[in-house]
Structures are given as C-alpha cells and as structure tokens.
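Novice: need a structure here:
(4 chains)
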2 protein chains.
Amino acid sequence: MATSETMPSSGQVLETLLRTTHQLHLQFESHLSALQVPEYLSGPRLRFLVSVAEAGQIRMSEIAAKLGIKPRTVTQFVDALEQEKLIVRLPDPDDRRATFIRLSETAPPLMQQARLAMSESADKVLASLSPEERGQLLLLLQQLSE
Amino acid sequence: MATSETMPSSGQVLETLLRTTHQLHLQFESHLSALQVPEYLSGPRLRFLVSVAEAGQIRMSEIAAKLGIKPRTVTQFVDALEQEKLIVRLPDPDDRRATFIRLSETAPPLMQQARLAMSESADKVLASLSPEERGQLLLLLQQLSE
DNA sequence: TATTGTTATACTCTATAACTATA
DNA sequence: TATAGTTATAGAGTATAACAATA
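Specialist: Next up, the predicted model:
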C-alpha cells in the first residue's frame, strides 16, 4: 500500500489541476492583454483559429465535433471572427447546406504575433518549472488528452 | 543541448496545458451533471464555496482578492449562493461598510456530496494515468501554483 | 478623500429549441 | 425524414463605471 503522497486521490489531483490551471489562465490572460495582441483574440477564439489553421479548410459541423462545442457556438465564433476579417466562409459545392471555413490572408501574421505573445507569457507562467519538469508535464498532459 | 522532446518550448507546454484542461473540464462537467449534484453548484461556485469554507468567515473584499475576481463578481456569487441558502451575509460590527460571508448550516452536507461526485468524475477523467503518474502530475501542479 | 459593496450595463462563451434550405 | 447552419433566446461568469454609505 503506497502512501497518499505517491498515490493521491483522483479528486485531489483533478481539484488541483482545475484550480491551478484557473490561476494560470488568469495570469496568462493578464500577460496577454498587457502585450500587443488584439483583445478579440481570446483563448477560445485562438483555439478555434488554430483548429481551422491545422485543417486548412473545414466544415462547420466538423469543427464543432472536433472542439466538442455545439453548431450554434460555431456560428458565433465564425460570425465574430469573420467580422474581424480573420476567417472566411466558403460554400461547399457538393452540399449546398454545408459551409467551409478557412483562414483569411490577414490571419496568419496576426496568429504568429499571438503565438509569440503567448510564448512570452508562457515563459513567465511556467517559470517555476525546470525544462525537464516541463517535459514531464507535457508528456502527462498528452497522455491525458488521448 | 537537449532535444525538443526533453525541452519543449513554454508555449507548447502551456498550449497543451490549456487545451487539455479545457477538454478535462468539459468531460468533468458532463460527468457531474449526470450525477445527483445540483446544477447550481458549478465549478466557479464550488471554488468560491471552498474558499469561504477554508476561511470560516471572510470579508467580501478579501475573497475578491483571494480569488482574483472583482468585487462586482463577488456580489453576484453571494447573491446566487445566498438565494440557494448556501451562504449567509453578516455585518461587520467594526466597519459598517463591510460584509462578512460564511457557509450556512445546510451547506456542508451538500458540499460533501459534491466532493464525492467530483471524485467519482475525477476517477473517470484521470483513468489514463497510473497512480504514480497522478502523483507526479500533482507535484508538478503544486510547484506551478506556488 | 478613500474604501466597501451595490446598481446598471455589457461582453464572451456556452446552451436549447425552433426554423430554413437542402439532401 | 434527416442534416447543416441560422435566428431567437437564455444563463453563467466576467468586466467597467457610477453611486451610496461609511471611514
């Protein structure tokens, strides 16, 4: 039987995980807003854009499934990001009910800038971990998300 | 010079951290809502209640500072949780501008129930990690939040 | 003058339900 | 009849600004 230090309860781990990431999230957003990143590039929007960028071109229903959000929510992201000229809607010629989305031409440099600011913020937020510990953390997280 | 596997960039780690915990958060909330926990005990509200419970009795301005939220937001939490009979407001006799809050008598059993459900959900969410890995993760998170 | 908490208001993210156009 | 996306609406969590009561 192991001690509680080597075998903490799931509840304790998850509680710490959610609490800690909430703190990091707040720190991260406050660093970001101090930098030159446009405010409308919030966390969820950036996550959305990254998904679109990875796919190149993707149907709205697909990205909803991929991100675990509802079609209605996709419509709102697309509306907001289209207004900011970051993505464009394209009709699907094979299915006239469906709509593809992809990054606009102005999006990549902005996202690049956002990534830089994110990485700068991340350096501050993760300052208390050594490079090796960051590697460990990354592996554990990747295992969790599979 | 280490490889990128042992020394990932901060940006990559934080990106994975935020993305992964977003997924976990969604999974966790969906497990929770499938259980018998009252819906009004959402993550942020539970976090708020736990803070109040730890303090025993705390001023609204203090809890705002502790949780990193604005006084206006505290007022909303208190309004909602007071309506659910989970906390009570008490005047501060020494400063008539200030208000103390503390748990009501009915709160602790409900919170206990919520913790149990949370731990059940957590088991599912963390199923892909061994007990040792959970221990590692916990240590890394604790280090991060210091 | 400064601080505590509140009212008024608004924005983002998320959801459900009802609908339109198409398949 | 089923699917893709939209309109309409709502609710939680967060914020800023203006204000009243008190210090």
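Novice: thinking A:Val78 is in contact with A:Leu86, fair?
Specialist: No. Applying C-beta atoms under 8 Å as the test, A:Val78 and A:Leu86 come out as separate, 9.9 Å apart. Yep, even glycine has a C-beta here, placed from its N, CA and C like the rest.
Novice: of these two, who's got more company?
Specialist: Under the criterion of other C-beta atoms under 10 Å in any protein chain shown, the comparison of A:Val78 against A:Leu86 puts A:Leu86 first, with 23 against 20.
Novice: contacting residues for that one?
Specialist: A:49, A:103-104, A:106-107, A:110 (C-beta atoms under 8 Å, 6 or more residues apart in numbering or on different chains).
Novice: Could you rerun that using 6 Å?
Specialist: By C-beta atoms under 6 Å, 6 or more residues apart in numbering or on different chains, the contact list for A:Leu86 reads A:104, A:107.
Novice: repeat for A:Phe77
Specialist: A:Phe77 makes contact with A:Phe48, according to C-beta under 6 Å, 6+ apart.
Novice: helix/strand/coil for the residue positioned nearest the centre of chain A?
Specialist: Nearest to the mean C-alpha position of chain A, by C-alpha atoms, centre = their mean, lies A:Arg47 at 2.9 Å. Recorded secondary structure, A:Arg47: helix (DSSP: H, G, I helix; E, B strand; the rest coil).
Novice: what does A:Ser121 give?
Specialist: Under the three-state scheme (three-state DSSP), A:Ser121 adopts helix.
Novice: My guess is it contacts A:Leu26. True?
Specialist: No. Counting by C-beta atoms under 6 Å, A:Ser121 sits too far from A:Leu26 to count as a contact (11.4 Å).
Novice: Mind checking which of these two has more residues around it?
Specialist: For A:Ser121 versus A:Leu26, neighbours defined as other C-beta under 10 Å are more numerous around A:Ser121 (24 against 14).
Novice: Name the nearest residue to that one, ignoring sequence neighbours.
Specialist: Spatial nearest neighbour of A:Ser121, chain neighbours left out: A:His31 (3.6 Å); criterion: C-beta to C-beta, 6 or more residues apart in numbering or on different chains.
Novice: Same question for A:Glu146.
Specialist: B:Ser128 (6.3 Å).
Novice: Check what pLDDT A:Val37 gets.
Specialist: pLDDT, A:Val37: 66.
Novice: circling back to that earlier point, count of neighbours near the residue nearest to A:Glu146?
Specialist: Taking other C-beta under 10 Å as the criterion, the count of residues near B:Ser128 is 11.
Novice: Nothing else from me, thank you.
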